[in-house]
Structure formats: structure tokens, C-alpha cells
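**Q** Sequence first, predicted coordinates after that:
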Amino acid sequence: MIYDTTNSRQQTLFSRARSPLASLPGPWYSKWTGAVLHFHFIRGQRPPYVQRLHEKYGRIVRISPNQVDFSSVTAAKRIHSYTRPLRKGHMYHDLAGGGKFVNIFSTQDFEYHQRHRRLLSAPLSESGLKGVEHVVEERAKLAVQRIGEEMKSEGRADVMKWWLFFSADVIGELSFGNSFRMLERGSENQYTLDLKMVSKLGGLRVAFPALTRFASHVRLPILTEATAGSLRMRAYAQECIQRYERIVAADPTNPKPTLFTKLFRAGEEGMSQLEIVQDAQTYISAGSDTTAHGLTFLVWAVCRDEEVKRRLVEEVATLSEGYKDEDLKVLPYLDQVIHEILRLYASVPAALPRDAPSGGCEIDGCWMPEGTTVCTQAYSMHRDPIVFSEPGRFLPSRWENATKEMTDAWMPFGGGARICIGLHLAMMELRHATATFFRAYPNAKVSYKDGFRDDDMEQVAYFLMYPKNKRCLVETS
Ligand code: HEM
């Protein structure tokens, strides 16, 4: 027995020393252990840690015995290719409840993904979204009104809270045909509370994959609560989709449109009710915090910079009443501000891990053996000093004459075949909410009431990024 263990250790040491990864740059310990990477992950600081490694070792870094991070456009194009994308890594399986919740986001199956992507893309395209723009517009107005009411009664408003209600209400209504009405109520509903709990468990599963195995033997309170939560969420989603399906059946010519309307009863070219429920639930989790956190950092960063605020306020003030997204899209400074926010404060700044395929593959001239996890992270792509001068500065005007290198390296929505399917919706929400907010409150500024400090906005990222203390206070003079 002792001999066996020693022998297998020797084999492991031998194979690690001979692996093609052995010659890659990186700290010495990455060859032997992922513990340091894991330590930074658990602190929510993996992206800046990996970025420091890139600064020291270059664009290719071995970050653990089995993981390599790339920070180059050529590598990103290979890893996130449209035509021959690499398979999503095991992390997605852990995030999705150990493979229990298959959906367009988590699937590792190419055929399943292609079919869902083909069916779901049209309603989320720029032209498809025209039919639902009024939902975004109305919710943005209500969010800004509610922010104003809170500023009046409390002397400051927590915009992070209201942007979360805004984005969740929008995606809830567009997916389930039924708004969560959190903006009206001013509080979260059971669905989003359950979602938080389930996402927390997903994060724990990624940090400690053994938890999934352990869970089948031991009853932990968080697991019991998360299981009850996910059952409640599934029941709620099913109820909404079934109700909506009945509405479509009663009046097929004039239903209130959602992102799934055309997929009901479309035969071969449609989806089963279960598939719709699964993907609708995915939209809620993928499309609420991401947009809300982007908007939160946007308001904070603009409010801290008088010159940026002046230019943005002046530009959005030129809009005529009843403006539409078509009018917002052509505002150059609004577009620059949004690009810069998604660069410096990307809501998904962390690694998007993929598996090297069977037989291995070459990336940026380096051989990645089968089973290696290859990653890119927007956090590093967006801070390459050769592409973005003074990368740590919030400088929207850098996008005025954007180079091809800048637009290629900008990947807040990922890339290739698995690029964010909701990106046009997200951009529409960001445009409407920003314009509505700065038209209503041209004098908005960061509020330091209730002990709020700039330090509260320090970025913490597991998969999603959020401000450390999960609040962002603003006031108006
Ligand atoms: C600012 C807001 C958003 C950001 C920064 C963002 C970012 C991302 C990123 C980086 C990915 C790729 C993940 C990967 O490769 O592992 C992704 C995928 C995805 N996003 Fe978004 N997202 C946003 C908003 C939305 C919205 C509003 C929706 C609602 C429909 C959505 C739905 C999805 C889905 C379903 C996927 C998986 C797509 C696939 O695998 O084909 N996202 N998002």
C-alpha cells in the first residue's frame, strides 16, 4: 500500500515535470498546486491575482497544475471561436447544481446548445427587442422615480438596490410574462431571495466541488434551504409559463410579447414547456445582477467625475420627449461611457474556463494537452496597457477613436459561440436607465451619508462582480 502511494506520487511528479505545460511561464508553485489560486478565489480576488501574474509573466500564465490563463486576442478568438468553440469547463457543471439544471448557459453539449441558441436568438436580436422596448422604458422611468422618492425621504438613495429591482422586473416580465413588481413594492420577492440562496450554493460548489458528493450523505442547513428554494423557484416558473401558455392559446394573435412567445406551440421549431421553463429561469439569473451591477458602477463612476458627468448630462438633455432606443444608440458620449464602464467594471470579469479538446490543441503557439482548463478573463484583457493606456483610469473619451485592438480586446459579454445572448437587451437597459437617470438628476453626486465610503465599491468577484458592501449611495443637491 505504502509502495503504491509512493509510486503513484512519483508518477504524478514525473508526468507534471514532463507535461507540455511544464515550460509555461508562471509562479513555481502553480506547477504543483492550485491552492494559492483557490485562496484568492475564496476571497473574491482571483481576477486581480491572475492579472498580477500576467503583469509579471506575460500573456500566457500557468495558474495551477491544470489551468492556463491567456490574455491575448488571438487566444481569446481560438478559445471562444464561433466555428470550433472549446467546450465549457467543469465549473459550469458545478455552478448548475452539479449538472442538475441543464440550460443554455450551463450545457457542455454542443448540439443542445446550438439548437437552443438558434431558437432563442431572434427575440433577443436588436430587431426582435423592438417589440418589448416599452417594458424597459417604463421600468427605467419607475426605477428613477423610486430613486428620487428615496432621496427625498432619506436624503440619499441606494441605487444598487433599485437597479437590481429594475433589471429583475424587466427580465422577469420578458421571460415569465409577469413582472416581479419589485419596483412597486420596494423589496425583493421570494423568487429573487431564493435565487440568491441557490447562487450562493452554486458558488460554494465551485469553490468546494466535493460538497456535491458530500451533500448526498449529509444534511447541511444551506443545502436543505437551497433545495427548498430551487423547488419553489421551479414551481413559480412553471406556474407563470403555464399561465402564459394559456393566454397565448386563448388569443394567439395578440399575446403580450415575451422572449418565448413564438416558441410555444411551434412544433419541431419550438421548445417543450420544460425547456422554456429552464431557459426562462436561466435568463433571470444571468440577466438581473449583471445589468444591475453595471448600472451601479456607472452611476457611481460618473457621479465622481464632474467633467464626465457634465458631458453626459449635456448630451442626454438634447433628447426630445418620447425618445426611443434608436435615439439613444446614436449618442456618442453615452456609448463611450457604457463601453468604459463595461471595460473597467465588467460584471463578469473572471475566468471563462474551457476544456482543451480530445487530442489537445495549440493556443498562441503553446500545446495544451487534452483536459487542460484554458481560460481568458475580461479583467486582464481590459487592462492590457499596450491596448488601453492608463488602464486603471475611468476615461470614457478613450473610446472616441477606438482602435481595432481595443474593440477586439473588449469582451465584457464573452465571445464566439457562447457570447452573451442577452447583450442587446443589456445594452438597451443600460442606455435607457442611464439617460433617464441623468436627465432626472443632473446634479446627482455620491452620498457619504450612513457611513458610505468609496471603499464600499471595491470590486469582489467570484463569477459575477459586485461592490464589496453591496450598496451604492447617491444624493442630489
Ligand atoms: C451587463 C449585462 C450582462 C453582462 C456583462 C453579461 C455577461 C455575460 C458573459 C460574459 C457571458 C458568457 C459566459 C461564458 O462564456 O461563460 C454571458 C452569457 C449569457 N448571458 Fe449574459 N450578460 C449580461 C446580461 C444578460 C442578460 C440581460 C441576459 C438575459 C437574456 C443574459 C443571458 C445570458 C445567457 C443565457 C448566457 C449564456 C449564453 C450561451 O451560453 O449561449 N445576459 N453573459
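**A** Sure thing, it's come through. Residues are numbered from 1 along each chain as shown.
**Q** Which single residue of the chain ends up nearest the ligand?
**A** Minimum separation of the chain from the ligand (C-beta to the nearest ligand atom) falls at Gly422, amounting to 2.2 Å. Any C-beta I mention is one placed from the backbone N, CA and C, and that applies to glycine too.
**Q** Could you pull up the residues touching the nearest residue to that residue once chain neighbours are set aside?
**A** Beyond its immediate neighbours in the sequence, the residue positioned closest to Gly422 (C-beta to C-beta, 6 or more residues apart in numbering) is Gly287, lying 4.9 Å away. The neighbourhood of Gly287, defined by C-beta atoms under 8 Å, 6 or more residues apart in numbering, consists of Ser167, Ile171, Gly422, Leu425, Ala426.
**Q** Next, format these as CSV and append secondary structure.
**A** As requested, the contacts of Gly287 are arranged in CSV below (DSSP: H, G, I helix; E, B strand; the rest coil):
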residue, secondary structure
Ser167, helix
Ile171, helix
Gly422, coil
Leu425, helix
Ala426, helix
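**Q** Those residues, buried ones only, as a ChimeraX selection?
**A** The buried subset of these, as determined by 16 or more other C-beta atoms under 10 Å, is captured in ChimeraX by this line:
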select :167,171,422,425,426
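**Q** Of all the residues in stretch 457-465, which ones are buried?
**A** Using 16+ other C-beta under 10 Å as the test for burial, stretch 457-465 gives Met457, Gln459, Ala461, Tyr462, Phe463, Leu464, Met465.
**Q** That one near the ligand anywhere?
**A** No - contact of stretch 457-465 with the ligand is not found when judged by C-beta under 6 Å from any ligand atom; the minimum separation is 8.1 Å.
**Q** Endpoints of that stretch, how far apart?
**A** 11 Å (C-alpha to C-alpha, to the nearest Å).
**Q** next one: the host helix or strand of Arg205 to chain centre, how far?
**A** Arg205 belongs to helix 190-207 when assigned by DSSP states H and E. Averaging C-alpha positions (C-alpha atoms, centre = their mean, to the nearest Å) puts helix 190-207 15 Å from its chain's average.
**Q** can you tell me if it touches the ligand.
**A** No - Helix 190-207 is not in contact with the ligand by C-beta under 6 Å from any ligand atom; minimum separation 12.3 Å.
**Q** What are the contacting residues of stretch 75-93?
**A** Contacting residues not belonging to stretch 75-93 are listed as 59-60, 70, 99, 105-108, 110, 206, 209, 352-357, 361, 363-364, 373-376, 381, 409, 411, 414-419, 463 [C-beta under 8 Å, 6+ apart].
**Q** residues of that stretch that come out buried?
**A** Judged by neighbour count (16+ other C-beta under 10 Å), stretch 75-93 contains these buried residues: 75-76, 78-80, 85-89, 91-93.
**Q** okay if I get those residues as TSV plus distance to Glu126 and pLDDT?
**A** As requested, the buried residues of stretch 75-93 are arranged in TSV below (distance: C-beta to C-beta, whole Å; pLDDT from 0 to 100):
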residue	distance to Glu126	pLDDT
Ala75	29	97
Ala76	24	97
Arg78	28	96
Ile79	26	96
His80	21	96
Pro85	23	88
Leu86	28	94
Arg87	29	94
Lys88	26	92
Gly89	30	85
Met91	30	83
Tyr92	27	84
His93	32	78
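**Q** Which positions in the stretch 1-150 of the chain make contact with the ligand?
**A** Ile104, Phe105, Arg117.
**Q** Filter the residues you listed down to just the ones in helices.
**A** In this view, these that belong to helices under DSSP state H are Arg117.
**Q** May I ask which of the residues of the stretch 1-150 of the chain next to the ligand has the most neighbours?
**A** With neighbours defined as other C-beta atoms under 10 Å, the most crowded of those is Phe105; it has 22 neighbours.
**Q** Low-confidence stretches in the stretch 101-250 of the chain?
**A** Segments of the stretch 101-250 of the chain classed as low confidence (criterion: pLDDT under 70) are 209-222.
**Q** The stretch 351-477 of the chain: strands as residue ranges?
**A** Taking DSSP state E, counting those that start in this stretch, the strands of the stretch 351-477 of the chain run over residues 354-355, 361-363, 366-368, 373-376, 444-446, 459-461, 465-467, 473-476.
**Q** now swap in the stretch 1-150 of the chain and tell me
**A** Using DSSP E, counting those that start in this stretch, strands in the stretch 1-150 of the chain cover 60-64, 67-70, 87-88.
**Q** Check which helices and strands the first one is in contact with.
**A** Same thing as strand 60-64. The contact analysis (3 or more C-beta pairs under 8 Å, 6 or more residues apart in numbering; DSSP states H and E) places strand 60-64 against helix 46-57, strand 67-70.
**Q** and the ones you listed, which is most packed in?
**A** When you average the neighbours per residue for each of the helices and strands packed on strand 60-64 (mean count of other C-beta atoms under 10 Å), strand 67-70 leads with a mean of 24.
**Q** Quick check, Gly371 in contact with Gly359.
**A** No - Gly371 lies out of contact with Gly359 (C-beta atoms under 8 Å); the separation is 10.6 Å.
**Q** And these two? Which one has more around it.
**A** For Gly371 versus Gly359, neighbours defined as other C-beta under 10 Å are more numerous around Gly371 (11 against 7).
**Q** Got phi/psi on that one?
**A** In this entry, Gly371 is assigned phi and psi values of phi 90, psi -10 (degrees, to the nearest 10).
**Q** residues touching it, list them.
**A** Gly371 is in contact with Asn66, Asp355, Ala356, counting by C-beta under 8 Å, 6+ apart.
**Q** top of those by neighbour count?
**A** The member of the contacts of Gly371 that has the most neighbours, counting by other C-beta under 10 Å, is Ala356 with 23 neighbours.
**Q** Show me which residues of the stretch 351-477 of the chain sit near the ligand.
**A** Contact residues (C-beta under 6 Å from any ligand atom) of the stretch 351-477 of the chain with the ligand: Leu352, Pro412, Phe413, Gly414, Arg418, Cys420, Ile421, Gly422, Leu425, Ala426.
**Q** Low-confidence bits of the stretch 251-400 of the chain, can you list those?
**A** The model of the stretch 251-400 of the chain has pLDDT under 70 over residues 265-268.
**Q** where exactly do the helices run in it?
**A** If DSSP state H, counting those that start in this stretch is used as the criterion, the helices of the stretch 251-400 of the chain fall at 273-287, 289-303, 306-317, 325-329, 332-344, 378-381.
**Q** deepest of the ones you listed, which one?
**A** For the helices of the stretch 251-400 of the chain, the stretch with the most neighbours on average is helix 378-381, a mean of 26; neighbours defined as mean count of other C-beta under 10 Å.
**Q** from the chain's centre, how far out does that helix sit?
**A** In terms of C-alpha atoms, centre = their mean, the gap separating the centre of helix 378-381 from the centre of its chain is 14 Å.
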